[in-house]
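Engineer: This is a predicted model, with the sequence first.
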Amino acid sequence: MSVLVIELLEGINMRKPKVGFLSITCSTHRGSKNETGDSWVNTKSIGKIKNGLISNNLDLVIVDKVVAYFYELYEVEKRFNDEEVDVIVAYISTWNWADQVAQFIRNMNRPVIIYATDDSKAWSIGGLAATRGGLDEIGIKNRIAYGNISDKNVMDRIVSYSKASMVKNILRKSRYGSIGGQGMGILTGIVDANQWLKDFGILTGFTDQYTLVVEAEKIPISEVKNYYEKLKKEYKSIPEFSRIFEKSIRLYLALEKIIREERYNFTGVKCAFDLSNNYCTPCFAQSRLSNRGFVSACLNDSNGALSTYILSLLKKENEPLFTADVNLADKNNNLIKLIDDGAASPKLALNPKEDAELLMQPTLEAKASGICTKLFAKPGNVTLIRLARIDSRYILHLTEGEVISIDKDKRESIMAECGYPIWPHALIRIKGNIDKFVDNLRSEYIHMTYGSLKSEIKDFCELFDIELIEN
């Protein structure tokens, strides 16, 4: 498998934020000493800052020279552009000429963090404020960080903004695969390809669902059966091999092929009722893609796909993603019940080999059936988001919570409550007011991953001028 395919299917998202780091001073301070005999520019402090950033999982592109003249910034600009940095950390080591820095940042067209330490001898807070004020004068977004680099709050501000900047840089080079048309009448799921290109830089490609079927039937039966045998090692149980299971595997391998050939970074598939009634549901295919960290949304829900894609770029490497219907809001216990119609990565289960099953998809809304996943999500803290539009302007709904642990002997009765006990479930105790959570829902779907990403999501919204609606 080529490097390109691995990146597309298993994590263009799994990279560190690339940070362009430079130290800035002015011509009268570089190489000079103050009245007490100390160097104006504290090189030991610069070394400590670099090491601190590297140890926090940032990929630094370092300019070793302390920059003091505007023409030196031209060389930095070329270096950072060549290296395609996601964000610039401009360390204000003393005073600097704010107009020169503002021109450099303006020309770079990258998010920028203006940072200075709380060192009296450096007099750097003045340079920080003057630079920040200059950027604000000409309308350039910026993030301020001030204090010792070992201060967790300082480092968190830098790291969070760097991660959000990485997402912004990745989105502008991403390609969405819209496979089929509108799913089940959901207005919030229709892709607006022009707005995506304008707002995020995302390109949209269109593939007909029939292409999936044609490509699926080209897959050699030997390849299908080999894949079937591999599945036995991952799940607690799987159905006997049948024509329905064969089609489900074929659809997965075909979708993988289309993603590879079209170079899609994330996709949506319409499914209902074209595929689901006439070939098979794509639930199995989307479960297997999710298992590899690749986003493919049910019902060709574009805003859902983009929401999950953003989470995929920010999440911890091995944590799963989950897109699901909000089935119930339990106001008495501040719980929400999430259930998907059959698609889920087995990694959602605490122990996939003991807790995740593959079963036959029911035929109420899927006459051709297919293969669905049954599991109960493992406990842990989670972040949930959903992008939506109000009068064509994007907002983002953010909620945090905890997937609660459920004893095995209680799971079956809980899963039966919705009438479909064979689909993947998660019970989440959310933070905040559950009535407000319901008020903010603008889709049947919400999108989840493990870990706290609140700070990164807030910074993402700031970078894109998206209104953040919490809880």
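Structural biologist: Everything's here; your move.
Engineer: Only C-alpha atoms from now on, for both contacts and neighbour counts.
Structural biologist: OK.
Engineer: Poorly predicted segments of the chain, please.
Structural biologist: Applying pLDDT under 70 to the chain flags residues 1-13.
Engineer: which stretches of the stretch 151-300 of the chain form helices?
Structural biologist: Listed in chain order, the helices of the stretch 151-300 of the chain (DSSP state H, counting those that start in this stretch) span 152-171, 193-199, 209-216, 221-231, 243-262, 274-278, 283-291.
Engineer: Out of these, the one nearest residue 313 is which?
Structural biologist: helix 152-171 (6.4 Å; Cα to Cα).
Engineer: Please point out which parts of that closest one sit buried.
Structural biologist: Residues of helix 152-171 classed as buried: 154-171 (neighbour count, 16 or more other Cα atoms under 10 Å).
Engineer: Over to stretch 255-265?
Structural biologist: 255-260, 263-265.
Engineer: from the residues you listed, which single one is nearest residue 89?
Structural biologist: residue 265 (28.0 Å).
Engineer: how near is that closest one to residue 287?
Structural biologist: 16 Å (Cα to Cα, to the nearest Å).
Engineer: Tell me the secondary structure at residue 135.
Structural biologist: helix (DSSP: H, G, I helix; E, B strand; the rest coil).
Engineer: So which of the helices of the stretch 151-300 of the chain is nearest residue 367?
Structural biologist: helix 274-278 (4.5 Å).
Engineer: SS state for residue 103?
Structural biologist: Quick answer, by three-state DSSP: residue 103 is helix.
Engineer: can you count the residues close to it?
Structural biologist: Residues near residue 103, counting by other Cα atoms under 10 Å, number 15.
Engineer: next one: residue 117
Structural biologist: 23.
Engineer: Please enumerate the strands of the stretch 51-200 of the chain.
Structural biologist: Ranges of strands in the stretch 51-200 of the chain, per DSSP state E, counting those that start in this stretch, are 59-62, 87-92, 112-116, 143-146, 175-179.
Engineer: any chance of the helices of the stretch 151-300 of the chain in JSON lines, plus distance to residue 403?
Structural biologist: JSON lines is the format used below for those (distance: least, Cα to Cα, whole Å):
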{"stretch": "helix 152-171", "distance to residue 403": "24"}
{"stretch": "helix 193-199", "distance to residue 403": "32"}
{"stretch": "helix 209-216", "distance to residue 403": "35"}
{"stretch": "helix 221-231", "distance to residue 403": "26"}
{"stretch": "helix 243-262", "distance to residue 403": "29"}
{"stretch": "helix 274-278", "distance to residue 403": "30"}
{"stretch": "helix 283-291", "distance to residue 403": "19"}
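Engineer: Let me know which of these is the nearest to residue 37.
Structural biologist: Nearest of the helices of the stretch 151-300 of the chain (Cα to Cα): helix 152-171, 29.2 Å.
Engineer: Using CSV, list the CA coordinates for that closest one.
Structural biologist: The C-alpha trace of helix 152-171 is given here as CSV (Å, rounded to 0.1, in the frame of the first residue of the first chain):
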residue,chain,number,x,y,z
LYS,A,152,0.8,25.1,32.5
ASN,A,153,-1.8,27.8,31.6
VAL,A,154,0.8,29.5,29.3
MET,A,155,1.7,26.3,27.6
ASP,A,156,-1.9,25.2,27.2
ARG,A,157,-2.7,28.5,25.4
ILE,A,158,0.1,27.9,23.0
VAL,A,159,-0.6,24.2,22.4
SER,A,160,-4.3,24.6,22.0
TYR,A,161,-4.0,27.4,19.5
SER,A,162,-1.3,25.5,17.6
LYS,A,163,-3.6,22.4,17.3
ALA,A,164,-6.5,24.6,16.1
SER,A,165,-4.2,26.2,13.6
MET,A,166,-3.1,22.8,12.4
VAL,A,167,-6.7,21.9,11.7
LYS,A,168,-7.2,25.1,9.8
ASN,A,169,-4.2,24.3,7.6
ILE,A,170,-5.3,20.7,7.0
LEU,A,171,-8.8,21.8,6.0
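Engineer: distance between it and the chain's centre?
Structural biologist: Distance of helix 152-171 from its chain centroid, counting by Cα atoms, centre = their mean, to the nearest Å, is 12 Å.
Engineer: how much space is there between the residue lying farthest from the centre of the chain and residue 121?
Structural biologist: Distance from the centre of the chain peaks at residue 35, with 50.4 Å (Cα atoms, centre = their mean). Using Cα to Cα, residue 35 is found at 10 Å from residue 121.
Engineer: Could you do residue 240 as well?
Structural biologist: Taking Cα to Cα, one finds residue 240 at 74 Å from residue 121.
Engineer: Show me which of these two is the more surrounded one.
Structural biologist: Using other Cα under 10 Å as the criterion, residue 240 and residue 121 rank with residue 121 on top: 14 against 11.
Engineer: give me every residue that touches that one.
Structural biologist: residue 40 (Cα atoms under 8 Å, 6 or more residues apart in numbering).
Engineer: got the contact list for the residue lying closest to residue 182 once chain neighbours are set aside?
Structural biologist: The shortest distance from residue 182 to any non-neighbouring residue, by Cα to Cα, 6 or more residues apart in numbering, is to residue 190 (5.9 Å). Residues in contact with residue 190, defined by Cα under 8 Å, 6+ apart, are 181-182, 300-303.
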